[in-house]
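>>> Dropping the sequence and predicted coords here.
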Amino acid sequence: DAKTTQPNSMESNEEEPVHLPCNHSTISGTDYIHWYRQLPSQGPEYVIHGLTSNVNNRMASLAIAEDRKSSTLILHRATLRDAAVYYCILRDVYTGGFKTIFGAGTRLFVKA
Amino acid sequence: GAVVSQHPSRVICKSGTSVKIECRSLDFQATTMFWYRQFPKQSLMLMATSNEGSKATYEQGVEKDKFLINHASLTLSTLTVTSAHPEDSSFYICGGQVNEKLFFGSGTQLSVL
C-alpha cells in the first residue's frame, strides 16, 4: 500500500473550518483515498472517501488534487466532538486482500 | 453505516491466562475481518486478516500460535490471546468491510497483570 504523510497535530477553534492535509505522492490509479477518525478509547470511524472527484457528505468534504498526490479533509464547522486523530489512508481494492495500513494520523485539537 | 460489535470492551487478566475477544458484524456479512493492536499514543498496527472458513493471514512478526484467530461464520470472528503476558497489554480493534468502507468495533482494552 502506498504511504501517506500527515502533520502530527493541528489546532482549531470551535465553529471554525478545519483543513486537514494529506500527501500521497506515490498513489496508484486504483487507490481510493479514505479518511477515518478515532475518538479517544474508540475504534476508528469512517469519515469519507473518494477516487478523483471532490466528495461531500454530512460529516465532511474531501478535496482531491488534480494529480491525486494530495488531498484535504475539510470539516466545515469544528466542534469539540471533532477532537480526534484523523487518518488518511489509501486502499487499493484490487490487491493486498483489502488490508489497510494506518499511518500516524493527525491529532486535531479543538479549542472552545 | 454498518455495525461491528466487539466484546469485551475491557478485560483484566493474570499473566499466563488466555483471553478471547469477539467481533460480530451485526448487519452485514463479513467474509473478512481485520484485527489491529494499538499501544498508547500510537497508530493502529495490523495484526492479521481473518477469512471466513479458512486460515487467517498474519502480518510479519505476529505470532500465529499466540494470537489465535477463528472466523467460523460470516458474522463472528474471534481473537484469542494465549498465555498472555504484560507486554500483550494493548488496545485491540477489529474491523469489517462493506463495499469500500471499513467499519470498526469499539475496541478491547486488555490489561495483563
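Now that the structure is in, tell me what you want to look at. Model, not experiment: these values are computed from the prediction.

>>> near chain B, which residues of chain A?
A:32, A:34, A:36, A:38, A:41-46, A:49, A:85, A:87, A:91, A:93, A:97-105 (C-beta under 8 Å from any C-beta of the partner chain). C-beta: built from backbone N, CA, C; applies to glycine.

>>> Please pick the buried ones from the residues you listed.
Buried members of the residues of chain A next to chain B, counted by 16 or more other C-beta atoms under 10 Å in any protein chain shown: A:32, A:34, A:36, A:38, A:43-46, A:49, A:85, A:87, A:91, A:99-103, A:105.

>>> beta partners of the one residue in chain B that gets nearest to chain A?
Closest residue of chain B to chain A, C-beta to the nearest C-beta: B:Phe104 (3.3 Å). Counting by DSSP bridges, B:Phe104 is bridged to B:Gly95.

>>> How about A:Leu90?
A:Ile33.

>>> Look at it and say how many residues are nearby.
23 (other C-beta atoms under 10 Å in any protein chain shown).

>>> for the spatially most central residue of chain B, what are its contacts?
Nearest to the mean C-alpha position of chain B, counting by C-alpha atoms, centre = their mean, stands B:Trp35 at 4.0 Å. B:Trp35 is in contact with B:23, B:46-50, B:67, B:69, B:77, B:79, B:92-94, counting by C-beta atoms under 8 Å, 6 or more residues apart in numbering or on different chains.

>>> so it sits in a helix?
No: counting by DSSP: H, G, I helix; E, B strand; the rest coil, one finds B:Trp35 to be strand, located in no helix.

>>> Show me the beta-bridge partners of it.
With DSSP bridges as the criterion, B:Trp35 is bridged to B:Ala48, B:Cys94.

>>> Can you give me the distance of it to A:Ile48?
As judged by C-beta to C-beta, to the nearest Å, B:Trp35 and A:Ile48 stand 24 Å apart.

>>> now do B:Gln42
24 Å.

>>> Tell me which of the two has more neighbours.
A:Ile48 (21 against 13).

>>> Spell out the secondary structure type for the more buried one.
Strictly by three-state DSSP, A:Ile48 counts as strand.

>>> so it bridges to which residues?
With beta bridges defined as DSSP bridges, A:Ile48 has these partners: A:Trp35.

>>> Now do the contacts for the closest residue to B:Val98 other than its chain neighbours.
Spatial nearest neighbour of B:Val98, chain neighbours left out: B:Ala2 (4.5 Å); criterion: C-beta to C-beta, 6 or more residues apart in numbering or on different chains. Counting by C-beta under 8 Å, 6+ apart, B:Ala2 touches B:25-28, B:96, B:98, B:101, B:103.

>>> which SSE is the closest residue to A:Gly50 other than its chain neighbours in?
The spatial neighbour of A:Gly50 that comes closest, neighbours along the chain excluded (C-beta to C-beta, 6+ apart), is A:Leu62 at 4.9 Å. Assigned by DSSP states H and E, A:Leu62 belongs to strand A:61-64.

>>> what comes into contact with that strand?
Residues contacting strand A:61-64 (C-beta under 8 Å, 6+ apart): A:33, A:35, A:48-56, A:71-74, A:76.

>>> so which of these comes closest to A:Met10?
A:Leu73 (10.6 Å; C-beta to C-beta).

>>> B:Arg24 touches B:Ala72, doesn't it?
No: using C-beta atoms under 8 Å, B:Arg24 makes no contact with B:Ala72, being 11.9 Å away.
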